[in-house]
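*Asks:* Using only what follows, build the 3D model:
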Amino acid sequence: MPLTRLRNIGIAAHIDAGKTTVTERILFFTGTTRKMGEVHDGQATMDFMKQEQERGITIASAAITCAWKGSQINIIDTPGHVDFTVEVERSLRVIDGMVALFCAVGGVEPQSETVWNQADRYRVPRIAFINKMDRTGADFTEVVTQMNKYLDANALPFQLPMGAEEDFAGVIDVISRKAYTFRELEQIEIEIPAVYKSKAEEARYSIVEKLAEFDDEIMGLFLEDKEVSEVLLKKTARYATLKLLITPVFTGAAYKNKGVQLLLDAVISYLPSPIDIGAVVGTDVNDPEKTHTRHPSSHDPFSALAFKLIHDPFVGQQTFIRIFSGSLKSGMPIINSTKDKQERIGRIYKIHAKDREEVKEAGPGDIVALIGMKFTKTGDTLCEPGHRLYLESIHIPPTVIELKILPMKRKDQEKLGEALGKLANEDPSFTVRFDDETEETIISGMGELHLEIIVDRLKHEFDVEVEVGEPAVAFRETITSEVESNYKHSKQTGGKGQFAQTVIRIEPNEGNGYEFIDKIKGGAIPNEYIPSVNKGIVKTLDRGVLAGFPIVDVKVVLLDGGFHPVDSSDMAFQTCASICFKNGFLKANPILLEPVMKIEINTPDDYIGNIVGDLNKRRGKIESMRRHRKGAQKVNGFVPLMEMFGYATQLRNISSGRANYSMEFYKYLPLTKSIQEEVIKKLAVKKER
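*Replies:* All right, here's what the predicted structure looks like:
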């Protein structure tokens, strides 16, 4: 099949907009599945994890291949819940186009904005599908207005609904001037009913007017008030969509099988093939200033990005990759340039949700799973041994919540360690650390639900029952002033001793993470020990100094030092640098940073006062309040995570169960002095216990 007939697409939206249902209908209409699975009865093809079936939500993004009218479509179904935002992030990194789904009742929800912004970051062309037109309160025009107002989407309706709610009868294709109704699984083409004709012509005029900005021929015809052909409009609309100049909007009701075939037509017509996306640019392994280009062609050297790991009980670890150039054959040696390790390809699979099809070869644009990879993790670049490069990796947000866990049975300690290692491999937004002082295992993630599902998977997939402590906030430590620190490490124990001296300057480095700069002159510390100094500091960053939390945003400048020809060693310099850094850190006015969340609350007008009052008590800051629908408002603001445990119950009580909210990580901000003292005191009490 020519590459121009391939589409790699993601389906992304707010939770409950109907992503998985839309995907299930696509799989049915493309003949990939013989029966339609439903989310609510736990039979969805894409939701094959037990935790997904129980909760009726998508957790792991699953890749699936299907065919439509002579084209191949690889679909990546992504989660809508904010706790699994990294799943959306890594899917967006490897897809070429996106279907942004909106609920006709809910409109632009908080997570819709997050996903939209993520797609903007990766410059992913997209079309929109307004789903659930059959639901009470459905309002197509309002959703299009919200898309333009809140997402700056340049949304253009390419379809119009005929009716809404229980009167939703079908859709009008504005460009082709055709209408479609639906009977069970059948799509029936009809004339546009007279009552909708003028509305359809108005919508077509708007499309012509907009597309005239991008095509001289359309501009000429528009100015002369002449007819513009369907072929010319589609060609220009495709160009404008691929350049992110417009977002074509389609509509339907996936659950009732209305509009799904037309959406598939739109995917082929308006979303890009790997050829449209063109070459990817990677940086040189030895010189970050130098770049290499890889075209979507089997003649270019092989390059791919690993974007997901899944532990499968039957075949072991599956590594999902997107191939950008060249061909991959089983048994072929390749290099993981990120890790500088050689990998050998075992088996190559194309994935149909829970089914696998083994293939001998895969080429540009393909999304496949590899078995037998030893070193590769999410975000790593794979390439041919003689043609190394780094492809842009995947943005991983910081974790914000922690849980202490213990195995119920002492003999399961090793089993727990192995299971957590596999889960951390799969999910880069989940981290594990062992606290030597308290001898506790601490897991960190993106939210309460994220960690709840990890604990659930430990029990059902890995057969490890665990005791779980109270969720705790994942604070960070940093400094607010600059200091110099000088430390001499000298130990004589009979025989060879230990000697090292370091002089460092520690500076705040807000927003730029950790930086190490070597300014040693005249060999005060031999070159082979400079990395040891850095290593000693890096080890200290993970454990923290003030209260045991990871240290962020510090710059360390190595100024001077001393060594002994016999007693100096790698270990001596690591130990010396660590103590030198700790001493300096405590003098540099250290502070705790807390995760602050962006919150959006949808509430009926009656409860607005109580909700705002409650947020203020939680140290929240209101950013905006806007009319959402008649009699309802959206409250946007920022609130510290430590004040939000148990908020779901409180919000239900305040609003008689009628308000709902969503939260996502915003950034780390300093704690006030009084709260910081309180937090450190509480932590000290816990450690004594």
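*Asks:* Pull up the distance across stretch 384-396, start to finish.
*Replies:* For stretch 384-396, the first-to-last residue distance is 26 Å (C-alpha to C-alpha, to the nearest Å).
*Asks:* Pull out the buried residues from it.
*Replies:* Buried residues in stretch 384-396, counting neighbours by 16 or more other C-beta atoms under 10 Å, are found at 384, 387, 388, 389, 390, 391, 393, 394, 396. C-beta here means a position set from N, CA and C on the backbone, and glycine is covered the same way.
*Asks:* For residue 139, state which of these is nearest.
*Replies:* Comparing the buried residues of stretch 384-396 against residue 139 with C-beta to C-beta places residue 394 closest, at 36.1 Å.
*Asks:* Model confidence score at the closest residue in space to the closest one that isn't next to it in sequence, please.
*Replies:* Spatially, and ignoring its direct neighbours in sequence, residue 394 is nearest to residue 379 (4.3 Å; C-beta to C-beta, 6 or more residues apart in numbering). Looking at residue 379, its pLDDT stands at 84.
*Asks:* you'd agree residue 379 is in a strand?
*Replies:* No. Read with DSSP: H, G, I helix; E, B strand; the rest coil, residue 379 is coil and lies in no strand.
*Asks:* all numbers from here: first residue = 12
*Replies:* New numbering, starting at 12: the last item is residue 390.
*Asks:* Okay, buried residues for the helix or strand that residue 661 is a member of please.
*Replies:* Using DSSP states H and E, residue 661 sits in helix 658-666. By neighbour count on 16+ other C-beta under 10 Å, the buried set for helix 658-666 is 658, 662, 665, 666.
*Asks:* now the second one: how far from residue 612?
*Replies:* Read it as residue 662. 7 Å (C-beta to C-beta, to the nearest Å).
*Asks:* shared neighbours, those two?
*Replies:* 622, 670, 671, 672 (C-beta atoms under 8 Å, 6 or more residues apart in numbering).
*Asks:* ok, so of those, who is nearest residue 212?
*Replies:* The nearest member of those to residue 212, counting by C-beta to C-beta, is residue 671 at 39.3 Å.
*Asks:* Wait, residue 618 touches residue 669, no?
*Replies:* Yes. Between residue 618 and residue 669 a contact is recorded at 7.2 Å, counting by C-beta atoms under 8 Å.
*Asks:* Give the residue from the two that has the larger number of neighbours.
*Replies:* Set side by side, residue 618 and residue 669 show more neighbours around residue 618, with 18 against 14, by other C-beta atoms under 10 Å.
*Asks:* What residues does that one make contact with?
*Replies:* Counted by C-beta under 8 Å, 6+ apart, residue 618 has contacts 665, 666, 667, 669, 670.
*Asks:* so how many other residues sit close to the nearest residue to the first one once chain neighbours are set aside?
*Replies:* Read it as residue 665. Leaving aside its chain neighbours, residue 665 sits nearest to residue 621 (4.9 Å; criterion: C-beta to C-beta, 6+ apart). For residue 621, the count of nearby residues is 15 (other C-beta under 10 Å).
*Asks:* pLDDT wise, what is residue 621 at?
*Replies:* If you check residue 621, the pLDDT there is 93.
*Asks:* Please apply the same query to residue 460.
*Replies:* On pLDDT, residue 460 comes in at 77.
*Asks:* could you measure it against residue 87, distance?
*Replies:* Look at residue 460 and residue 87: by C-beta to C-beta, they are 21 Å apart.
*Asks:* Those two: which has the busier surroundings?
*Replies:* Shown here are residue 460 and residue 87; by other C-beta under 10 Å, residue 87 has more neighbours (28 against 18).
*Asks:* Output the contacting helices and strands for the helix or strand harbouring that one.
*Replies:* Counting by DSSP H and E, the element that carries residue 87 is strand 82-88. Counting by 3 or more C-beta pairs under 8 Å, 6 or more residues apart in numbering; DSSP states H and E, the packing neighbours recorded for strand 82-88 are strand 17-24, helix 30-40, strand 73-79, helix 271-281.
*Asks:* Now do that strand, average pLDDT.
*Replies:* 84.
*Asks:* Let me see the mean pLDDT of the helix or strand following that strand.
*Replies:* Remark: after strand 82-88, the chain's next helix or strand is helix 96-105, criterion DSSP H and E. Here helix 96-105 scores 75 as its mean pLDDT.
*Asks:* Pull the residues that contact the next helix or strand after helix 96-105.
*Replies:* Sequence order places strand 108-114 as the next helix or strand after helix 96-105, per DSSP H and E. Applying C-beta under 8 Å, 6+ apart, the external contacts of strand 108-114 come out as 18-25, 27-30, 33, 103, 119-120, 123, 126-127, 130, 135-143, 146, 154, 158, 258, 274, 278, 281-283.
*Asks:* still on that earlier bit, check the shared contacts of residue 662 and residue 612 and tell me the two furthest apart.
*Replies:* The most widely separated members of the shared contacts of residue 662 and residue 612 are 622 and 671, with 11.2 Å between them, by C-beta to C-beta.
*Asks:* name the helices or strands packed onto the particular helix or strand that has residue 691 in it?
*Replies:* Applying DSSP H and E as the criterion places residue 691 in helix 684-699. Where contact means 3+ C-beta pairs under 8 Å, 6+ apart, helix 684-699 is packed against strand 601-615.
*Asks:* the inter-axis angle of the strand it packs on versus helix 684-699?
*Replies:* Using axes from the mean of the first three to the mean of the last three C-alpha atoms, to 10 degrees, the direction of strand 601-615 lies 100 degrees away from that of helix 684-699.
*Asks:* Show me what strand 601-615 is packed against.
*Replies:* strand 487-490, helix 619-628, strand 643-651, helix 658-666, strand 671-681, helix 684-699.
*Asks:* which residues are contacting the fourth one?
*Replies:* Contacts to helix 658-666, defined as C-beta under 8 Å, 6+ apart, come from residues 612, 614, 615, 618, 621, 622, 625, 629, 670, 671, 672.
*Asks:* Just the buried ones among these, please.
*Replies:* Buried residues within those, defined by neighbour count using 16+ other C-beta under 10 Å: 612, 614, 615, 618, 622, 625, 670, 671, 672.
*Asks:* what's across from the third one in the sheet?
*Replies:* What that stands for is residue 615. residue 643 (DSSP bridges).
*Asks:* Name all residues that make contact with it.
*Replies:* 642, 643, 644, 666, 669, 670.
*Asks:* Out of those residues, flag the one nearest to residue 353.
*Replies:* Nearest member of the contacts of residue 615 to residue 353, counting by C-beta to C-beta, is residue 670, at 55.2 Å.
*Asks:* got a list of what the spatially closest residue to that closest one that is not a sequence neighbour touches?
*Replies:* Nearest residue to residue 670, sequence neighbours excluded (C-beta to C-beta, 6+ apart): residue 614, at 3.8 Å. By C-beta under 8 Å, 6+ apart, the contact set of residue 614 is 622, 643, 644, 646, 666, 669, 670.
*Asks:* Check those and tell me the two furthest apart.
*Replies:* Largest separation among the contacts of residue 614 by C-beta to C-beta: 646 and 669, giving 13.8 Å.
*Asks:* Cool, thanks, talk later.
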